[in-house]
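> When you get a sec, could you give me coordinates for this:
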Amino acid sequence: MLDEETRRRVLCSLLVGQRHSWDQGLTAAVLDAAGEADALRALVDDAVARQLPDGRLAELDPACSVNGGVVGEFVDLVARRTGDAALSAAAGRQRDWLLRHAPRAADGTLFHLVGSREVWADTVFMVVPPLAAAGHADAALAQLDGHRSRLRRPDGLWRARWDDAAGRPADARAWGTGNGWVAAGLARTVGRLPTARGAAVAEEVRALLDACLAHRRPDGTLGDVLDDEASRPDPAVAAMLSYTASSGAAEGWLPGEYGAVGRSLLATAAASLDPLGRVAGVPAAPRFDRPGRSPEAQALLLLADAAALRPGRRRRPRSPRRG
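Residues are numbered from 1 along each chain as shown. Purely as a prediction, here's the structure:
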């Protein structure tokens, strides 16, 4: 786990960086995990101040269709905690965008960008946990089904992007961050579903986590492209998978030994920190086309650390009946 001074530096670097809508959602998750209620309230108020007329929260880039779903979860959370009707209405407008108005395929699967017919692995994190948290289990699992059918490969890893207009992959590589978004997003979903459905998702998370870990390198790192040994290491992937493993072990839907896996991955990600507390060598914001730094990597490291600190549970969700 991180020591207090390192944690402070990582958080400071997160808070001073320019952030997009999904980064605001991740930062909200960090603040909530740390019990920073006042800072969380300030963040969600700011997200609502920047809500687009169509309902997308904190959105500075109108090309992004689904990313406001992450911060919407926390606008809704603070609304329920405080009874604030304006926040509740803002969260409702974000949900309505995802459920009814956002661009989607004929089967309802959401496209990641406005003006594009591409399905991205990233979207699983952006929409499945918030919809499940809001009580829309059927809609959440329908999005998981639609994304899985297009993006999951026979080896259990996920493709990065699918071109729905062409009916073929737009990027068939097992992008590390894309697989990390799916794993971490589903980890956030397990406990928000009815028991049997949550147990089925937990099995899926474990299978994906194991498929990713099969490509962990001797030095503990994971690649920007998981099954390409020549690709550069990406510390953000280690943080995402650390969060997934530690969350599952703490919540009891993964065996306890995954807690050690999570801590090991956390150490791998933390080894990339520079003296200012910045996670170095991740896909660089804002274009993610070269090694550098990003707010999402800062937040993901802090979420992985918080998950590693959680006490474990003994009971696991009941597995669904087979046959």
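> Val48 reaches Ala86, doesn't it?
Yes: between Val48 and Ala86 there is a contact under Cβ atoms under 8 Å: 7.3 Å. From N, CA and C alone the C-beta is placed, and that goes for glycine too.
> between those two, which one's more packed in?
Val48 (23 against 11; other Cβ atoms under 10 Å).
> need the contact list for that one.
57, 75, 86-87, 90 (Cβ atoms under 8 Å, 6 or more residues apart in numbering).
> List buried residues within the residues you listed.
57, 75, 87, 90 (16 or more other Cβ atoms under 10 Å).
> mind checking pLDDT for the third one?
With respect to pLDDT, Leu87 has a value of 98.
> ok, for it, nearest residue in space, not its chain neighbours?
When the adjacent residues along the chain are set aside, Leu87 lies closest to Ala79, with 3.7 Å between them (Cβ to Cβ, 6 or more residues apart in numbering).
> hang on, the earlier thing: just checking, which of the contacts of Val48 belong to strands?
With DSSP state E as the criterion, strands contain none of the contacts of Val48.
> Quick one: those residues as CSV, columns for distance to Ala105 too.
Below are the contacts of Val48 laid out as CSV (distance: Cβ to Cβ, whole Å):
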residue, distance to Ala105
Leu57, 23
Val75, 27
Ala86, 33
Leu87, 31
Ala90, 27
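> residue boundaries of the helices in this protein?
4-16, 21-33, 37-49, 68-82, 85-96, 122-133, 137-151, 176-187, 195-213, 235-251, 258-270, 295-309 (DSSP state H).
> My understanding was that Ala308 contacts Ser242; is that so?
Yes: checked against Cβ under 8 Å, the pair Ala308 and Ser242 is within contact range at 7.0 Å.
> what do these two both touch?
262-263, 266.
> Give the residue spans of the stretch 201-323 of the chain that score low on pLDDT.
313-323 (pLDDT under 70).
> Could you pull up the contacting residues of Gly312?
Counting by Cβ under 8 Å, 6+ apart, Gly312 has contacts 249-250, 252, 256, 259.
> who wins for neighbours among these?
Ala249 (24 neighbours).
> what's the nearest residue to that one if we skip its chain neighbours?
In space, Ala249 is closest to Gly259, 3.6 Å off (Cβ to Cβ, 6+ apart).
> how about that neighbour, what does it touch?
Counted by Cβ under 8 Å, 6+ apart, Gly259 has contacts 245-246, 249-250, 308, 312.
> And for Asp155, the neighbour number?
12.
> From Gly68, how far out is it?
32 Å (Cβ to Cβ, to the nearest Å).
> same question, Glu5
Glu5 is 33 Å from Gly68, by Cβ to Cβ.
> Show me which of these two is the more surrounded one.
More crowded of Glu5 and Gly68, by other Cβ under 10 Å: Gly68, with 33 against 9.
> Neighbours of Gly281, how many?
18.
> related to what we said a few turns ago, Val201: which of the contacts of Val48 is nearest?
Distance to Val201, by Cβ to Cβ, is smallest for Val75 among the contacts of Val48, at 24.1 Å.
> doesn't Ala86 make contact with the closest one?
No: between Val75 and Ala86 there is no contact under Cβ under 8 Å: 9.9 Å.
> Pipe the contacts of Gly259 into JSON lines and attach distance to Asp38 per row.
Putting the contacts of Gly259 into JSON lines (distance: Cβ to Cβ, whole Å) gives the following:
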{"residue": "Ala245", "distance to Asp38": "31"}
{"residue": "Ser246", "distance to Asp38": "27"}
{"residue": "Ala249", "distance to Asp38": "31"}
{"residue": "Ala250", "distance to Asp38": "26"}
{"residue": "Ala308", "distance to Asp38": "25"}
{"residue": "Gly312", "distance to Asp38": "30"}
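> What are the buried residues along stretch 123-135?
Here stretch 123-135 shows 123-134 as buried, counting by 16+ other Cβ under 10 Å.
> For that stretch, the averaged confidence score.
The model assigns stretch 123-135 a mean pLDDT of 98.
> got the contact list for it?
Contacts for stretch 123-135 (Cβ under 8 Å, 6+ apart): 22, 25, 66-67, 69-70, 72-73, 76-77, 91, 95, 98-99, 110, 112, 137, 139-141, 143-144, 147, 181-182, 184-186, 188-189, 192-193.
> next one: that stretch to chain centre, how far?
10 Å (Cα atoms, centre = their mean, to the nearest Å).
> for stretch 208-221, same thing?
18 Å.
> and what of stretch 61-79?
Per Cα atoms, centre = their mean, the centroid offset for stretch 61-79 relative to its chain is 12 Å.
> Output it as CSV, nothing but the C-alphas.
Output of stretch 61-79 as CSV, limited to C-alpha atoms (Å, rounded to 0.1, in the frame of the first residue of the first chain):
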residue,chain,number,x,y,z
ASP,A,61,-15.9,17.5,-25.1
PRO,A,62,-19.2,17.2,-27.0
ALA,A,63,-17.9,14.3,-29.0
CYS,A,64,-18.0,12.1,-25.9
SER,A,65,-21.3,10.4,-25.4
VAL,A,66,-21.0,8.0,-22.4
ASN,A,67,-18.2,9.3,-20.2
GLY,A,68,-20.5,11.5,-18.0
GLY,A,69,-22.1,8.3,-16.6
VAL,A,70,-19.2,7.9,-14.2
VAL,A,71,-19.6,11.2,-12.4
GLY,A,72,-23.4,10.9,-12.7
GLU,A,73,-23.2,8.0,-10.3
PHE,A,74,-21.8,10.3,-7.6
VAL,A,75,-24.2,13.2,-8.4
ASP,A,76,-26.9,10.7,-7.6
LEU,A,77,-25.1,9.4,-4.5
VAL,A,78,-24.7,12.9,-3.0
ALA,A,79,-28.3,13.7,-4.0
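> I'm done for today, thanks for sticking with me.
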